[in-house]
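Q: Output the structure for:
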Amino acid sequence: MRRSCVLGAAIFALAVSCGGTVTESDGQAGTGASAGTSGAAGTGGVAGKGGAAGKGGAAGTAGSAGVGGTGGTPDPCAVPAVGTGPWETAFVFRNSSTKSSFLFDNCEIQMEVTACTSGYATPIARSGACSSECSDVADGGGCMVCGQCPAEFVEVKPGETLAVTWAGYRYTFDQVQGCPCHVTHISEPGLHRISVPVWSAMPDPWSAPPPSTTIVQDFAHGVDATVTVEIGL
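A: Model prediction:
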């Protein structure tokens, strides 16, 4: 930007802010204002004795909007939601390969669903099937006792699919009157991730080796949806 300082021909010199302090004739120095912070205009100069007021500094450069503010960076975890939930997701595990894939089942198919808002670090408890609702226990409903689930591997043959539905709730756990119980919540909308361990051969359920691979896939949670997950190896 080109700057210029104009000196008047009058009896009294005008103090002009031009990147520093200019001394007036027969008066005090009129101090030029510095640029404004975050877009505010600079403060006008102080009038010298017997002289005209120093001109105000140029307007400062506007500050950028903060994260989350107007014009800021959008939330990377957010997705448009339909209604208030819960939102049901049907996971369809599809084997498009030429050999069978195997999934571990221990009361339910072993898989994890995590949310972007937790950094995909904390698995969501998607079932409270082996405990009572805490409010029911408080009302005298008593404890729920579950037996041990059989551990087994489910074969998904070439060209077949296996569907597992998540109703869209998450569960937290507590104790009421010494009874383990759960509290039901609607799982918040946003980007989510499913992780499914897959084996390429039928192992012993009680001494299974690590999975051959773990399939990881992101999906949007905020609308009833079907998510197809390819598990063929």
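Q: quick one, domains of this structure?
A: With domains defined by automatic domain parsing, the chain comprises 1-63, 89-230.
Q: worst average pLDDT in those domains?
A: If the domains of the chain are sorted by mean pLDDT, domain 1-63 sits at the bottom with a mean of 38.
Q: Run through the strands of the chain in chain order.
A: Assigned by DSSP state E, the chain shows strands spanning 21-22, 30-31, 89-94, 101-106, 112-115, 132-133, 151-156, 161-166, 169-176, 179-186, 190-198, 213-221, 225-230.
Q: could you check the angle strand 213-221 makes with the fourth one?
A: Note on geometry: by axes from the mean of the first three to the mean of the last three C-alpha atoms, to 10 degrees, strand 101-106 and strand 213-221 are set 70 degrees apart in direction.
Q: tell me which residues in strand 101-106 are buried?
A: For strand 101-106, burial by neighbour count (16 or more other C-beta atoms under 10 Å) applies to 101-105. All C-beta atoms are positioned from the backbone trio N, CA, C, and that covers glycine.
Q: and if you look at stretch 178-195?
A: 179-182, 187-192, 194-195.
Q: wait, which of those residues is closest to D218?
A: Closest approach between those and D218, by C-beta to C-beta: L191, at 6.1 Å.
Q: related to what we said a few turns ago, let me know the closest of the buried residues of strand 101-106 to T226.
A: L103 (17.8 Å).
Q: Check the gap between the closest one and Q148 for me.
A: In this view, L103 and Q148 are 19 Å apart by C-beta to C-beta, to the nearest Å.
Q: now do K99
A: 31 Å.
Q: which one of these two has more residues nearby?
A: The neighbour comparison of K99 against Q148 (other C-beta atoms under 10 Å) goes to K99, with 11 against 7.
Q: For the nearest residue to that one once chain neighbours are set aside, list the residues it contacts.
A: Using C-beta to C-beta, 6 or more residues apart in numbering and skipping residues adjacent in sequence, the residue nearest K99 is P158, 6.3 Å away. By C-beta atoms under 8 Å, 6 or more residues apart in numbering, the contact list for P158 reads 95-100, 232.
Q: Against T98, how distant is P158?
A: According to C-beta to C-beta, P158 stands 5 Å off from T98.
Q: Ok, C181 next?
A: Look at C181 and T98: by C-beta to C-beta, they are 47 Å apart.
Q: what do you get for C179?
A: Relative to T98, C179 is positioned 50 Å away (C-beta to C-beta).
Q: quick one on the thing from earlier: minimum distance to M144: which of the strands of the chain has it?
A: Taking C-beta to C-beta, strand 132-133 is the member of the strands of the chain nearest to M144, at 4.5 Å.
Q: The closest one pairs with which strands?
A: Strand 132-133 pairs in its sheet with strand 179-186 (parallel), by DSSP bridges.
Q: Show me what the strand it pairs with is in contact with.
A: The contact list for strand 179-186 (C-beta under 8 Å, 6+ apart) reads 84-86, 125, 128, 131-137, 142-143, 168-175.
Q: rewinding a little: can you redo the buried residues of stretch 178-195 as TSV with distance to G222?
A: Shown next, in TSV, are these (distance: C-beta to C-beta, whole Å):
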residue	distance to G222
C179	34
P180	31
C181	28
H182	23
S187	10
E188	9
P189	3
G190	7
L191	9
H192	9
I194	15
S195	20
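Q: out of the residues you listed, who's nearest P211?
A: Proximity of the buried residues of stretch 178-195 to P211 (C-beta to C-beta) peaks at S195, which lies at 10.3 Å.
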